[in-house]
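J.: prediction below, plus the sequence it came from.
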Amino acid sequence: MFFALLMLVFGVWIGWEWAHSTIATECERQGSFYVGKKTFKCSEITEHE
């Protein structure tokens, strides 16, 4: 049971990393990304407060 829970946590972590990496790549290349039928536009923040 512990091994199954560990694999679940590991799988969620890998999926989270992959999703964020994909969105960042699409934003850099195209300035947007899509989820299903919706398209989201990205903008870079160059100055942090």
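T.: Ah, there it is. Numbers count the residues shown, from 1 in each chain.

J.: what's downstream of the host helix or strand of residue 18, the next helix or strand?
T.: Element membership of residue 18, judged by DSSP states H and E, is helix 2-30. Using DSSP H and E, the next helix or strand after helix 2-30 towards the C-terminus is strand 32-35.

J.: show residues contacting that following strand.
T.: Here strand 32-35 makes contact (CB atoms under 8 Å, 6 or more residues apart in numbering) with 22-23, 26-27, 39-42. From N, CA and C alone the C-beta is placed, and that goes for glycine too.

J.: which sections of this protein are below the confidence cut-off?
T.: Filtered on pLDDT under 70, the chain yields the residue ranges 49.

J.: point to the residue nearest the middle of it.
T.: Residue closest to the mean C-alpha point of the chain, counted by CA atoms, centre = their mean, is residue 20 at 1.9 Å.

J.: quick one, what contacts that residue?
T.: Per CB under 8 Å, 6+ apart, neighbours of residue 20: none.

J.: with the one 5 residues further on instead?
T.: Neighbouring residues of residue 25 by CB under 8 Å, 6+ apart: there are none.

J.: how close does it sit to residue 38?
T.: 18 Å (CB to CB, to the nearest Å).

J.: what about residue 42, distance to residue 16?
T.: 18 Å.

J.: settle it for me: which of these two has more neighbours?
T.: The neighbour comparison of residue 42 against residue 16 (other CB atoms under 10 Å) goes to residue 42, with 13 against 10.
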